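> Fold the following, please.
(2 chains)
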Amino acid sequence: DQQVKQNSPSLSVQEGRISILNCDYTNSMFDYFLWYKKYPAEGPTFLISISSIKDKNEDGRFTVFLNKSAKHLSLHIVPSQPGDSAVYFCAARENTDKLIFGTGTRLQVFP
Amino acid sequence: EPEVTQTPSHQVTQMGQEVILRCVPISNHLYFYWYRQILGQKVEFLVSFYNNEISEKSEIFDDQFSVERPDGSNFTLKIRSTKLEDSAMYFCASRPRTTEQFFGPGTRLTVL
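So this is what the prediction gives:
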């Protein structure tokens, strides 16, 4: 069951530059998408979300873009900071309460 | 800032034993969840709970699993007879009326 896919297992970005994390999905019935950040030995921390009726949502350094025709969303972090180094999960919801997660992308921000 | 808490942080048990994982959701939240993450795999939904009953469960959540909200603050996941493949991180989550779910730090369950 690969309804939500994060094809890049890792990403390395220099501090101050933009980080772009990508997520693809197959289920056109998903109505809500979320990004979570996870540090080792901690639970996922909610970052930002977007409804399927929008194509962009911005919160400080974080912006999520949704391209419904391509079934693709991305998380932009700008400027990237060393504290952003973590695993980032994309998740989606289909008019129910359960979240379906991707496999995650490990972001490393180096000085 | 309020947060979801979980105890214990690590539970080791023998195969066939019963375990209870405990969670204290954020106090004004109405919806409660359990997810698990087997090492190296995705975070997977197990069950959602609202108004003192299960609202949705996955195929993983078979008769060996049960959930309970015994009082106004705790939310528990019980595995009656643990199997080796139940070894995973178990995350509790809760949310208010909005969509975003807030996760606890997890309990690492190791079944020997």
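> give me the number of residues near the closest residue to residue B:15 other than its chain neighbours?
Closest residue to residue B:15 apart from its sequence neighbours, by Cβ to Cβ, 6 or more residues apart in numbering or on different chains: residue B:111 at 5.6 Å. C-beta here means a position set from N, CA and C on the backbone, and glycine is covered the same way. For residue B:111, the neighbour count with other Cβ atoms under 10 Å in any protein chain shown is 19.
> With residue B:57 instead?
Using other Cβ under 10 Å, the number of residues around residue B:57 comes to 17.
> what's the answer for residue B:37, then?
By the criterion of other Cβ under 10 Å, residue B:37 has 21 neighbours.
> And it, its phi and psi?
Main-chain dihedrals, residue B:37, degrees, to the nearest 10: phi -140, psi 110.
> what bridges to it?
Under the criterion DSSP bridges, residue B:37 forms beta bridges with residue B:43, residue B:89.
> what comes up buried for stretch B:3-12?
Residues of stretch B:3-12 classed as buried: B:4, B:6, B:11 (neighbour count, 16 or more other Cβ atoms under 10 Å in any protein chain shown).
> pLDDT on it, on average?
Stretch B:3-12 carries an average pLDDT of 96.
> how distant is that stretch from the center of its chain?
Taking Cα atoms, centre = their mean, to the nearest Å, one finds stretch B:3-12 lying 10 Å from the centre of the chain it belongs to.
> Strands of chain B, residue ranges please.
Along chain B, counting by DSSP state E, strands occupy B:5-7, B:10-13, B:19-24, B:31-37, B:43-50, B:53-57, B:65-68, B:75-79, B:88-95, B:102-103, B:107-111.
> For those, give me TSV that also has distance to residue A:61.
Below are the strands of chain B laid out as TSV (distance: least, Cβ to Cβ, whole Å):
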stretch	distance to residue A:61
strand B:5-7	28
strand B:10-13	34
strand B:19-24	31
strand B:31-37	27
strand B:43-50	24
strand B:53-57	34
strand B:65-68	37
strand B:75-79	33
strand B:88-95	24
strand B:102-103	20
strand B:107-111	31
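> what ranges of chain A fall below the confidence cut-off?
Low-confidence segments of chain A, defined by pLDDT under 70: A:1.
> Now with 50, please.
Nowhere does chain A drop to pLDDT under 50.
> What parts of chain B come near chain A?
Within chain B, the positions near chain A by Cβ under 8 Å from any Cβ of the partner chain are B:4, B:6, B:31, B:33, B:35, B:41-45, B:48, B:50, B:55-56, B:58, B:91, B:93, B:99-106.
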